[in-house]
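Engineer: Below is the sequence, then the predicted model.
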There are 2 protein chains.
Amino acid sequence: MSTEKGPDHSRRKERSRQAILAATRALVAEEAYEKVTIEAIATRAGVGKQTIYRRWPSKSAIVFAAVLALSEDADGQSITLPDTGDLQADLKLVMRATAEEFADPAFDRLIRALNTEISNDAALAVEYREKLARPLEEAKKARLRSAQKAGQLDANADLDLVLDVLYAPLFQRWLHRSGPLTAAYADSLVDVTLKAFAP
Amino acid sequence: MSTEKGPDHSRRKERSRQAILAATRALVAEEAYEKVTIEAIATRAGVGKQTIYRRWPSKSAIVFAAVLALSEDADGQSITLPDTGDLQADLKLVMRATAEEFADPAFDRLIRALNTEISNDAALAVEYREKLARPLEEAKKARLRSAQKAGQLDANADLDLVLDVLYAPLFQRWLHRSGPLTAAYADSLVDVTLKAFAP
DNA sequence: TCGGCAATACGGATCGTCTCGTTTTGTTTC
DNA sequence: GAAACAAAACGAGACGATCCGTATTGCCGA
């Protein structure tokens, strides 16, 4: 039974934890974010408020945990980006996928809620960077380093800057709703970035 | 006396309006944004709550008006960017100035509050784009067109894309606090953008 | 049996609405 | 002109509702 320590203790804990995070995601996806209250989450999860406050100090922490749980489901191991040897094609694939993610209303609302909390809580911003943004950035940088070795990217380029130029326009366009997140736009960003950091 | 039409009608209105917007800016600059309540604004402005609700339907509308009033003070006429003939130097000047603006804590908190509201209110996002973002964008595009004519920028470049690549990284770095907004970083963005859109 | 839980009561804060008198403004009258 | 008046806008704050975060209670499962 006990494959590891003694996780039977926490089966009940884990069940309510997942119920809370799922209820949070569901409510955020459905309603205006200001109507997502702790009481609503508790009711939706079939859980007492105290069970929530026992684990998280604030709504922002809950939302962060709800997003974090999504990415933890997916990867037991580290993230890896496609590497076919063609940087331009690989990046366009990733950028198009990113643009499509943002087009999903449920994802859109969840990430919007997270960004709202991050923007107004510097401590949460640090946690976001370390637990969510950094691992993804590292995977992206690994792909870029591979391209540098292959002579497809300026070997002296600051990879943080490359990623900023590549992704920030997409992010801003999404956040401010200043234009549609089309595949064509994603492709343009790849083309522009590769021209700017050509070897 | 009456230099223009007859704005004496609204002397009282205008006084309370300015008091409310000034109180909003002061509170946002001082406190955590979630503690900026309508009641606090009313008290700080020495105004009844009803006077606020009579004019604005929500806190987001008040914050927007508070920011809008700042930019309306400055320009009776349209905005113009420096044009010395040297695009690179002119852009670096503007980018450095923008980076410095974000470094001011009062401005930082105010724009952070505005972005929070914009992100969660699509209608407000449209108003933001039309009344605040667009005029600035037009001024920037005018400078870029001048550069295109001077052969300093690809004549076929999509100017919206140029502006995205130039400004979005700075904005994202500020919003997510992912790094310091130094003059060196601002300069890098100009260099990168000009290389990407070289004639 | 006992620890963790759902449910719920609780005081406090803020919401948005609603009266209150009071002050300001514009008009009328002498 | 100045005094008097009516309408409008206002400051203040009471009000019921909601949600906050905490504390209590009784139940249920290991």
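Structural biologist: Sure, I can see it. Numbering: from 1, shown residues only, chains lettered A, B, ... in the order given.
Engineer: isn't A:I41 right up against A:A23?
Structural biologist: Yes. A:I41 is within contact range of A:A23, at 5.1 Å (criterion: CB atoms under 8 Å). C-betas here are computed from N, CA, C, even on glycine.
Engineer: Mind checking which of these two has more residues around it?
Structural biologist: More neighbours surround A:I41 than the other of A:I41 and A:A23, with 26 against 22 (other CB atoms under 10 Å in any protein chain shown).
Engineer: by contact count, what packs against the helix or strand that one falls within?
Structural biologist: In this assignment (DSSP states H and E), A:I41 forms part of helix A:38-45. Under the contact criterion of 3 or more CB pairs under 8 Å, 6 or more residues apart in numbering or on different chains; DSSP states H and E, helix A:38-45 touches helix A:11-30, helix A:49-55, helix A:59-74.
Engineer: Quickly check: the longest one near chain B or not.
Structural biologist: So the one you mean is helix A:11-30. No. For helix A:11-30, no contact with chain B is found by CB under 8 Å from any CB of the partner chain; the gap never falls below 10.9 Å.
Engineer: what's the average pLDDT for the helix holding A:I41?
Structural biologist: Across helix A:38-45, pLDDT averages out at 95.
Engineer: Output the helices and strands packed on helix A:38-45 in a markdown table; the columns should cover distance to DNA strand C.
Structural biologist: Compiled in a markdown table, these are given as follows (distance: least, CB to the nearest atom of the strand, whole Å):
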| stretch | distance to DNA strand C |
| --- | --- |
| helix A:11-30 | 4 |
| helix A:49-55 | 3 |
| helix A:59-74 | 14 |
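Engineer: Is it possible to get a markdown table of those that adds mean pLDDT and distance to A:D121?
Structural biologist: What follows is the helices and strands packed on helix A:38-45, written out as a markdown table (pLDDT from 0 to 100; distance: least, CB to CB, whole Å):
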| stretch | mean pLDDT | distance to A:D121 |
| --- | --- | --- |
| helix A:11-30 | 89 | 16 |
| helix A:49-55 | 94 | 18 |
| helix A:59-74 | 89 | 5 |
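Engineer: Pull up the overlap in contacts between A:I41 and A:A23.
Structural biologist: Residues touching both A:I41 and A:A23 (CB atoms under 8 Å, 6 or more residues apart in numbering or on different chains): A:V47.
Engineer: buried sites along stretch A:181-196?
Structural biologist: Of all the residues in stretch A:181-196, those buried under the rule 16 or more other CB atoms under 10 Å in any protein chain shown are A:L181, A:Y185, A:A186, A:D187, A:S188, A:L189, A:V190, A:V192, A:T193, A:L194, A:A196.
Engineer: which residues does the fourth one contact?
Structural biologist: With contact set as CB under 8 Å, 6+ apart, A:D187 has these partners: A:K92, A:M95, A:R96.
Engineer: any idea which of the residues you listed has the most stuff around it?
Structural biologist: Going by other CB under 10 Å, A:M95 tops those with 22 neighbours.
Engineer: so what's that residue scoring on pLDDT?
Structural biologist: pLDDT at A:M95 comes out at 98.
Engineer: can you tell me how far the spatially most central residue of chain A sits from A:L181?
Structural biologist: The residue lying closest to the centre of chain A (CA atoms, centre = their mean) is A:L132, at 5.9 Å. Per CB to CB, to the nearest Å, A:L132 is found 20 Å from A:L181.
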